[in-house]
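In: Attaching a predicted model along with its sequence, questions to come.
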Amino acid sequence: MHRSHSPRLTLLGVVVAVTAVLSGCSSVGPDTDASEGPTSSDTGLGSGASPVVFAFVCDGDDSDSETFTTYSAVWEAERSDCSAKRLTGSVPSSQQRAAVAAARGDATLVELASACAVRGSAPWTSAVADAHGAHVAAGLLRYCPGHPETDRLRDALAAYRG
């Protein structure tokens, strides 16, 4: 007898599997890549606290969504429409707090994480036209310095600041 799985059960299975893998891997969470994010030794968290970790649900060309557990995987897939979903964690890391502070209230942690996952779309490909855009750009540059379009965003922010 063939048993089909609903997308919700499949996503639940992915979350359970990722959580199990992550519990044995404390240095890199799913929302970071070893070369671009904080490690457990520099998160600024107290004993017993865990940093916020995201997965990314992205729409594809054929309207099916796909879940990614690292930024680098999303960037490789060149997705332009993603939303961050908290997997684990209760306290933002020092890098996450610095990014939200740099955004000056114009973007939340979830919004920065979602924007960090996308490629080939705003804010990475557009000009910085106002203070709101400048704050979001500053937050993104702190949150995801390893993004493939960082140089373009940094140039747009510098041009705005003149």
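Out: Good, I have the coordinates.
In: hmm, which helix or strand of the protein has the shakiest average pLDDT?
Out: helix 7-23 (a mean of 36; mean pLDDT, DSSP states H and E).
In: For residue 115, grab phi and psi.
Out: phi -70, psi -30 (degrees, to the nearest 10).
In: Is it correct that it is in contact with residue 123?
Out: Yes. Taking contacts as Cβ atoms under 8 Å, residue 115 lies within contact range of residue 123: 6.3 Å. Backbone N, C-alpha and C define where each C-beta goes, glycine included.
In: Which neighbours do these two have in common?
Out: 136, 140 (Cβ atoms under 8 Å, 6 or more residues apart in numbering).
In: Any stretches of the chain with poor pLDDT?
Out: The model of the chain has pLDDT under 70 over residues 1-48, 61-63.
In: just the helices in it please.
Out: Remark: helices assigned in the chain by DSSP state H are 7-23, 71-77, 94-102, 109-117, 131-143, 150-161.
In: now for the second one, which elements pack on it?
Out: For helix 71-77, the contact count by 3 or more Cβ pairs under 8 Å, 6 or more residues apart in numbering; DSSP states H and E identifies strand 53-59, strand 65-68, helix 109-117 as packing neighbours.
In: which residues touch residue 114?
Out: 56, 82-84.
In: Then residue 64?
Out: So residue 64 contacts nothing (Cβ under 8 Å, 6+ apart).
In: how near is it to residue 79?
Out: With the distance defined as Cβ to Cβ, to the nearest Å, residue 64 ends up 12 Å from residue 79.
In: Same check on residue 120?
Out: 8 Å.
In: okay, those two: which has more neighbours?
Out: residue 79 (23 against 12; other Cβ atoms under 10 Å).
In: Residue 115 is in contact with that one, correct?
Out: No. Counting by Cβ under 8 Å, residue 79 stays clear of residue 115, with 11.9 Å between them.
In: follow-up on the earlier one: same list (the helices and strands packed on helix 71-77) but as JSON lines, adding distance to residue 154.
Out: Shown next, in JSON lines, are these (distance: least, Cβ to Cβ, whole Å):
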{"stretch": "strand 53-59", "distance to residue 154": "23"}
{"stretch": "strand 65-68", "distance to residue 154": "24"}
{"stretch": "helix 109-117", "distance to residue 154": "14"}
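In: on that earlier part again, single out the most deeply packed of the helices of the chain.
Out: helix 109-117 (a mean of 22; mean count of other Cβ atoms under 10 Å).
In: Return that one as PDB; C-alpha atoms alone will do.
Out: Provided in PDB are the C-alpha atoms of helix 109-117 (Å, rounded to 0.1, in the frame of the first residue of the first chain):
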ATOM      1  CA  LEU A 109      15.100  40.200  12.700                       C
ATOM      2  CA  VAL A 110      12.700  38.000  10.700                       C
ATOM      3  CA  GLU A 111      12.600  40.600   7.900                       C
ATOM      4  CA  LEU A 112      16.400  40.900   7.800                       C
ATOM      5  CA  ALA A 113      16.700  37.100   7.700                       C
ATOM      6  CA  SER A 114      14.200  36.800   4.900                       C
ATOM      7  CA  ALA A 115      15.900  39.600   2.900                       C
ATOM      8  CA  CYS A 116      19.300  38.000   3.500                       C
ATOM      9  CA  ALA A 117      18.100  34.800   1.800                       C
END
